[in-house]
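Participant: Just a sequence and a predicted model for now, questions to come.
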Amino acid sequence: MKQDFDSKDYNDLTKANFSKIAYLLSVQGGDFYFQKVTPSLFVKRKTLVFGEVAELEQSQSRLVINALPDAVYIKAADTLIFKSLATISSIFTGIDQLYKEATNEEVATFLDEEFIELSNNYGLDKVSKPNRKRVGLAVATLEKMSVDDKTNMLSYIHDYCGEQKLKFDEKNHKFEISSDDELKLLLYGIEQRFYTTPFSQERRLANSVQALG
């Protein structure tokens, strides 16, 4: 983005790779517009198209373009604007690490979440700087979750971490957090960084959040 953009400098995407598209980029007036691509945006079905006449198209693979981009980079001002850090973190790898540290009040509010039970004298004063940044991202993610989403999130984290890494009280739906490493695992889970490889079925932790088809 620091150089002049010329589409001729890039190869055409092959049909075999269409389903692997992670995000879209549009250059307009020198500015860069980004949209994250998720599986739900891929549409393959019969479609009635209204042009000069109404036509029925057979199952064609289509990718939905949202009305608004997820991020815009204004080159002249060297400024990136966006609404959701969680959404663009898979486009701009590592941007979540640049997120501002949560304040003491924000961290205390997060630690007071109903699904967290502190132990071993772990508390606000022991939360590390990296985790304070992750708390800021986690809070933004939780704000968008419904009650059902949060319930599913707890099951997802428990399933990947297991009792040996993160104790979970299934009756009260609470994670026991006794160290900074345990808090980090919980925060990674909220960011949905745990995934399973499709062939070896090996469970892994992603360094950055990337939607998998």
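Facilitator: Arrived safely, thanks for sending.

Participant: what's the closest non-adjacent residue to the residue nearest the centre of the chain?
Facilitator: In the chain, the centroid-proximal residue (C-alpha atoms, centre = their mean) is Ala86; its distance is 4.3 Å. Nearest residue to Ala86, sequence neighbours excluded (C-beta to C-beta, 6 or more residues apart in numbering): Thr141, at 4.9 Å. No exception for glycine: its C-beta is placed from N, CA and C like everyone else's.

Participant: any idea how far Lys8 is from the one you found?
Facilitator: 39 Å (C-beta to C-beta, to the nearest Å).

Participant: Between the two, tell me which one has more neighbours.
Facilitator: The neighbour count for Thr141 versus Lys8, taken as other C-beta atoms under 10 Å, is higher for Thr141 (19 against 4).

Participant: helix or strand for the more buried one, which one?
Facilitator: Secondary structure from DSSP states H and E places Thr141 in helix 129-143.

Participant: Pull the residues that contact the helix or strand just after that helix.
Facilitator: Using DSSP H and E, the helix or strand that directly follows helix 129-143 along the chain is helix 147-161. Contacts with helix 147-161, where a contact means C-beta atoms under 8 Å, 6 or more residues apart in numbering, come from 115, 142, 145, 166, 168, 170, 173, 175, 185-186, 189-190, 192, 194, 203.

Participant: Narrow those to those that are buried.
Facilitator: The neighbour-count test (16 or more other C-beta atoms under 10 Å) marks Phe115, Leu142, Leu166, Phe168, Phe175, Leu185, Leu186, Gly189, Ile190, Gln192, Phe194 as buried among those.

Participant: What segments of this structure are helices?
Facilitator: Along the chain, the segments classed as helices by DSSP state H run 85-88, 104-111, 129-143, 147-161, 180-190.
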